[in-house]
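In: here are the coordinates; sequence isn't available:
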DNA sequence: CTGAAAGCGCTTACAG
DNA sequence: CTGAAAGCGCTTACAG
């Protein structure tokens, strides 16, 4: 591997000049610049990023903390994967690489990794909000951005969907279809998206003048099995709902299964709306009507906010980004017969 | 940030000794070792990885090349994601981080990135075999491992499933169910998994003494739409098959849809077997019988092979790993009525 | 516009 | 077992 010294020697200039050709080209004459570039290409010179990082304190690497240890079931993953791809693409476009950090069980493990590797910033994805290691990192001076979950710190912000707005879209749509007994299967109450979607559900009912029946609110877990058992509870009610808003597609699919098992039909007897628009939603028969999150938007918003923090002189946390959601109508909703 | 010099000063030893405490502890006395460690913890000393890499040429980072540009449709992604998680976990366990490389359009882009970042190795996932940039990298002295696709080079190997064996499992299972008119929807012929699964299908038919009818072999594209149209072709045959082996779950799902649309039933009229065991396979109704690939095994095998190459002195490519497949029986196959 | 020199934070023979 | 010194490959004031 040719070093900057080799290149300088072959060009008959100092290493400082070679360095300038790559980092500050406008300061060196056209002639030397061309020459250095030509020789560099010929001998295959490549700057050593470790040496650059050591000298500049800038790694152009962003850490990704994705706790893949607790192997949870379900279809949440495709959602995360799309976000991950969007993030990587957006970061790539601005010259940053993404370093997937090894999981660590020490409380300062993530922060240590960030410092050791001179990471310019860190992204959290699919992590618990209460994880002490994340809090530690978020509260440090390392620029951080959390996806789909709130997080706070001097140089920390987050990107989240308009969960309440999406829930209102779902309820309003069901109402337009003539449904009046609209139940909901919620996410875990402790999660931000779970809580916000429930708020949106309640607000929409109120705005429509529909009664708020507490027996129509059943808590799920964002997974298929939780949706299934929640739906069974709803089916056992004296006054069966004619529509269900499930706060996640997986739960919606579990609910549909419970409905079918009970000998009822979707959407004729009970209409179902989910949340997320994961890929299988379009492939089921009937297709799942759902509230779509802007997955690519997550990546772009996260990259933009993170890089602006990285380039900002001191502690400034941009406001959280709230991404709009859209309703995707498929076969699990239809006008009430 | 405390440096090794700060730490050495506070401990009253040389930086060399501090370095040894972390890299070669058995060579320093218990006493100094304990002292250095204690002070290090107190002042929060963290070794700078860029400096270490510069000095040692070892980064403990493995590059991941995952071409996410060509946004292909479908359910292939969950499969890749599970592999990715397995890989990351296996690498983490051995102290390696995974650097997701920015996509590049230069032919030597990946190789340059590997060299610039002092990557210890590189993993390819979901890339075309004929990509010149990958060939360039595979033929370099950088240890490389390709997942689910063959690749060759002085320090390159790959991990792949026993595709032919899996296909035989599928055909034998259909035969046991009393099916005799067994068709197949293949993957693209140019792909290794596509070609091998077709071979397995043919071999199994021959071993069972069933005739090889060329009209029962229809090429698909690994995606839902390809499976759908391939199935329509099969349904149009004079002698309709009573079973289909689709070389991918997505195609199987497309095939089921086509069968249903034709007014036929799965598995009564036509039994269907897929390949991959992607998550939705278990969630459809009826569940999809399929040949499962060992997704976690990919990650472990890849990490093991890669690290052994990294630690091997010179050019040695371990033999490719071939992972066994297993049949997962669900609702889309049943004895012929 | 360019060069000499110091410095980034480590590791590792080489002596002792 | 430990220290002094050189070296890894860059960047960046500071002079000129």
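Out: Perfect, I can see it now. Note that the coordinates shown come from a computational prediction; the quantities given were computed from them, not determined experimentally.
In: separation between residue A:63 and chain B?
Out: Residue A:63 sits 9 Å away from chain B, taking Cβ to the nearest Cβ, to the nearest Å as the criterion. For the C-beta atoms, the positions are set from N, CA and C on the backbone; glycine is no exception.
In: pretty sure that residue sits in a strand.
Out: Yes. Assessed with DSSP: H, G, I helix; E, B strand; the rest coil, residue A:63 lies in a strand.
In: that one touches residue A:115, doesn't it?
Out: No. Here residue A:63 lies out of contact with residue A:115, judged by Cβ atoms under 8 Å, at a distance of 10.4 Å.
In: more neighbours: which of these two?
Out: Taking neighbours as other Cβ atoms under 10 Å in any protein chain shown, residue A:63 and residue A:115 compare with residue A:63 leading, 23 against 18.
In: so that one bridges to which residues?
Out: Counting by DSSP bridges, residue A:63 forms beta bridges with residue A:99, residue A:122.
In: any idea how far residue A:122 is from the most centrally placed residue in chain A?
Out: For chain A, the residue nearest the mean C-alpha position is residue A:147 (4.0 Å; Cα atoms, centre = their mean). Using Cβ to Cβ, to the nearest Å, we find residue A:147 at a distance of 11 Å from residue A:122.
In: interface residues of the stretch 51-200 of chain A facing DNA strand C?
Out: A:51, A:54, A:55 (Cβ under 7 Å from any atom of the strand).
In: how does it look with 6 Å?
Out: Taking Cβ under 6 Å from any atom of the strand as the contact definition, the stretch 51-200 of chain A meets DNA strand C at A:54, A:55.
In: helices of the stretch 51-200 of chain A, start to end?
Out: For the stretch 51-200 of chain A, helices defined by DSSP state H, counting those that start in this stretch occupy the ranges A:76-93, A:109-116, A:132-138, A:163-176, A:192-208.
In: I'd like the next helix or strand past the last one.
Out: Reading on from helix A:192-208 to the C-terminus, the next helix or strand found by DSSP states H and E is strand A:217-219.
In: so what strands line up beside that following strand?
Out: The pairing partners recorded for strand A:217-219 under DSSP bridges are strand A:182-186 (parallel).
In: one step back: what's the burial count for the residue lying closest to the residue nearest to the centre of chain A once chain neighbours are set aside?
Out: Nearest residue to residue A:147 in three dimensions, chain neighbours excluded: residue A:125, at 4.8 Å (Cβ to Cβ, 6 or more residues apart in numbering or on different chains). Neighbour count for residue A:125, taken as other Cβ under 10 Å: 20.
In: give the burial count for residue A:208, as a bare number.
Out: That count, for residue A:208 with other Cβ under 10 Å as the rule, works out to 15.
In: tell me how far the nearest residue to it once chain neighbours are set aside lies from DNA strand D.
Out: Nearest non-adjacent residue to residue A:208, counting by Cβ to Cβ, 6+ apart: residue A:175, 5.3 Å away. Between residue A:175 and DNA strand D the computed distance is 60 Å (Cβ to the nearest atom of the strand, to the nearest Å).
In: over to residue A:202?
Out: In terms of Cβ to the nearest atom of the strand, residue A:202 sits 54 Å off from DNA strand D.
In: residues contacting that residue?
Out: residue A:212 (Cβ atoms under 8 Å, 6 or more residues apart in numbering or on different chains).
In: I'd assumed residue A:127 was in contact with the residue nearest to the centre of chain A.
Out: No. Look at residue A:147 against residue A:127 with Cβ under 8 Å: they stay out of range, at 9.0 Å.
In: what does the stretch 1-150 of chain A put close to DNA strand D?
Out: Residues of the stretch 1-150 of chain A lying near DNA strand D (Cβ under 6 Å from any atom of the strand): A:1, A:3-4, A:15-16, A:19-20, A:22-23, A:47-48, A:51-52, A:54-56.
In: select only the buried ones of those residues in PyMOL?
Out: Typed into PyMOL, the line below selects the buried ones among those, using 16 or more other Cβ atoms under 10 Å in any protein chain shown:
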select buried, chain A and resi 4+19+20+22+47+48+51+52+54
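In: next step: the residues of the stretch 1-150 of chain A next to DNA strand D restricted to strands.
Out: Among these, no member is found in strands (DSSP state E).
In: kindly provide the distance from the closest residue to DNA strand C within the stretch 101-250 of chain A to DNA strand D.
Out: Closest to DNA strand C within the stretch 101-250 of chain A is residue A:116: 8.2 Å, counting by Cβ to the nearest atom of the strand. As judged by Cβ to the nearest atom of the strand, residue A:116 and DNA strand D stand 16 Å apart.
In: check residue A:158 too.
Out: From residue A:158 to DNA strand D the distance is 31 Å (Cβ to the nearest atom of the strand).
In: now do residue A:210
Out: Residue A:210 is 62 Å from DNA strand D, by Cβ to the nearest atom of the strand.
In: do residue A:229 as well
Out: Plainly put, residue A:229 is 59 Å away from DNA strand D if you go by Cβ to the nearest atom of the strand.
In: before we move on, back to that, what's near enough to touch the residue nearest to the centre of chain A?
Out: Taking Cβ under 8 Å, 6+ apart, we find residue A:147 in contact with A:83, A:87, A:123, A:124, A:125, A:126, A:158, A:159, A:298, A:302.
In: could I get the pLDDT score of the first one?
Out: Here, the pLDDT recorded for residue A:83 equals 84.
In: again, but for the fourth one
Out: Listed pLDDT for residue A:124 reads 90.
In: neighbours of it, how many?
Out: A count of nearby residues for residue A:124, using other Cβ under 10 Å, gives 27.
In: give me the nearest residue to it, chain neighbours excluded.
Out: Leaving out its chain neighbours, the residue that sits closest to residue A:124 by Cβ to Cβ, 6+ apart is residue A:146, at 4.4 Å.
In: number of nearby residues for that neighbour?
Out: Applying other Cβ under 10 Å, we find 25 residues neighbouring residue A:146.
In: settle this for me: it is touching residue A:137, isn't it.
Out: No. In this structure, residue A:146 is not within contact of residue A:137 by Cβ under 8 Å, at 10.1 Å.
In: low-confidence stretches in the stretch 51-200 of chain A?
Out: Scanning the stretch 51-200 of chain A for pLDDT under 70 picks out the ranges A:68-78, A:128-129.
In: go with 80
Out: A:67-82, A:102-107, A:126-130 (pLDDT under 80).
In: quick check: residues of it near chain B?
Out: Contacts of the stretch 51-200 of chain A with chain B, taken as Cβ under 8 Å from any Cβ of the partner chain, map to A:51, A:53-54, A:59, A:61, A:64, A:66, A:68-69, A:74-75, A:77-78, A:80-82, A:85, A:88-89, A:91-93, A:95-103, A:112, A:115-118.
In: quick one, which of the residues you listed are buried?
Out: Neighbour counting with 16+ other Cβ under 10 Å marks A:51, A:53-54, A:59, A:61, A:64, A:66, A:68, A:74-75, A:77-78, A:80-82, A:85, A:88-89, A:91-92, A:96-103, A:112, A:115-118 as buried within those.
In: excluding chain neighbours, what is closest to residue A:97?
Out: Leaving aside its sequence neighbours, residue A:97 sits nearest to residue A:61 (Cβ to Cβ, 6+ apart; 5.1 Å).
In: if we can go back for a sec, identify the residues contacting the residue nearest to residue A:208.
Out: Here residue A:175 is in contact with A:182, A:204, A:208, A:210 (criterion: Cβ under 8 Å, 6+ apart).
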